[in-house]
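Asker: Structure for this input, please:
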Amino acid sequence: MQSSITLTVPPNINVFSDDELYAFCLANPELHIERDENGHIIIMPPTGLESSFTNNDLQTEVSIWNRQTKAGRTSESNGGYTLPDTSMRVPDVGWVSKERLISVVPEELKKFAHVCPDFVIEVPERRTGSESDNRKELENKMEKWIQNGVRLGWLVDPHNKTTTIYQPERKPETKPFAETLSGEDVLVGFTMNVADFLAF
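Answerer: So this is what the prediction gives:
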């Protein structure tokens with residue numbers, strides 16, 4: 001499967017405002033599109049079915065917890081967030097608290113709202129011969145999430161059966177799937193043992 005490509009926009013050309021970016025994404029629904037903090041457009045092919053299964057299983061676990069706590073809202077891998085550094089990023093799973101959503105105008109939620117999720121999960125795509133490249137891309141993306149205000153992030157890697165945990169002002173910590181993960185003070189009371197429900 002083809003890896004992502006980045007389109008570089010000349011600095012003197014303002015090609016995509018936030019509204020234009022949203023319109024561009026609507027016009028190309030078959031593509032997974034993001035924008036980095038430099039205005040570069042990142043285009044990725046749809047995920048393979050195996051990755052889609054994994055993303056759905058992870059998102060379901062977070063959604064069940066959120067349904068019980070009613071502490072915020074959960075997004076899946078099509079929900080775009082416009083971040084403080086002007087990038088527009090889409091996590092495989094995102095969760096944003098009620099406290100952060102209060103500042104968002106309801107009309108803005110119909111597009112790529114200017115809000116940073118509190119929690120994200122990213123999953124490397126299982127691509128033949130290119131898992132390491134995709135993993136590196138996501139490690140960089142996870143660092144950007146944290147820099148923009150994400151309080152807790154998990155990089156769940158089915159290939160290596162590990163989860164790398166990202167938090168502000170801490171070094172990333174990697175745990176095996178057999179070890180139970182905690183939502184800590186972000187997803188309060190949420191725990192997950194990846195090995196219990198993901199099929200490999």
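Asker: Can you read off the pLDDT for the nearest residue to Lys98 once chain neighbours are set aside?
Answerer: Excluding the flanking residues, the one nearest Lys98 by C-beta to C-beta, 6 or more residues apart in numbering is Gly72, at 5.2 Å. Every C-beta, even on glycine, is put in place using the N, C-alpha and C of the backbone. Listed pLDDT for Gly72 reads 98.
Asker: And Glu143, by the same measure?
Answerer: Glu143 carries a pLDDT value of 97.
Asker: cool, Gly39 as well?
Answerer: Listed pLDDT for Gly39 reads 87.
Asker: ok, the residue sitting nearest the centre point of the chain - contacts?
Answerer: In the chain, the centroid-proximal residue (C-alpha atoms, centre = their mean) is Pro91; its distance is 1.4 Å. Going by C-beta atoms under 8 Å, 6 or more residues apart in numbering, Pro91 touches 75, 77, 79, 81, 117, 120-122, 145.
Asker: From Asp196, how far off is it?
Answerer: In this structure, Pro91 and Asp196 are 22 Å apart, going by C-beta to C-beta, to the nearest Å.
Asker: cool, and Ala113?
Answerer: Applying C-beta to C-beta, the value for Ala113 to Asp196 is 33 Å.
Asker: swap in Asp157?
Answerer: Going from Asp157 to Asp196 by C-beta to C-beta gives 17 Å.
Asker: cool, and Leu101?
Answerer: Counting by C-beta to C-beta, the gap from Leu101 to Asp196 is 30 Å.
Asker: For ChimeraX, write the selection for the buried entries among the contacts of Pro91.
Answerer: Of the contacts of Pro91, the buried ones can be selected in ChimeraX as follows, counting by 16 or more other C-beta atoms under 10 Å:
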select :75,77,79,81,117,120,121,122,145
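Asker: Among the contacts of Pro91, name the least confidently predicted one.
Answerer: Ranked by pLDDT, the contacts of Pro91 bottom out at Ser77 (90).
Asker: Kindly confirm my reading that that residue is in a strand.
Answerer: No: according to DSSP: H, G, I helix; E, B strand; the rest coil, Ser77 belongs to no strand; its state is coil.
Asker: Need phi/psi at the nearest residue to it once chain neighbours are set aside.
Answerer: Nearest residue to Ser77, sequence neighbours excluded (C-beta to C-beta, 6+ apart): Asp92, at 4.8 Å. With angles defined as degrees, to the nearest 10, Asp92 sits at phi -60, psi -40.
Asker: buried ones in the longest helix anywhere in the chain?
Answerer: As assigned by DSSP state H, the longest helix anywhere in the chain is helix 49-69. Within helix 49-69, the residues that qualify as buried are 51, 54-55, 57-59, 61-63, 65-66, counting by 16+ other C-beta under 10 Å.
Asker: returning to that earlier point: what is the neighbour count of the residue nearest to Ser77?
Answerer: 25 (other C-beta atoms under 10 Å).
Asker: Cool, thanks, signing off.
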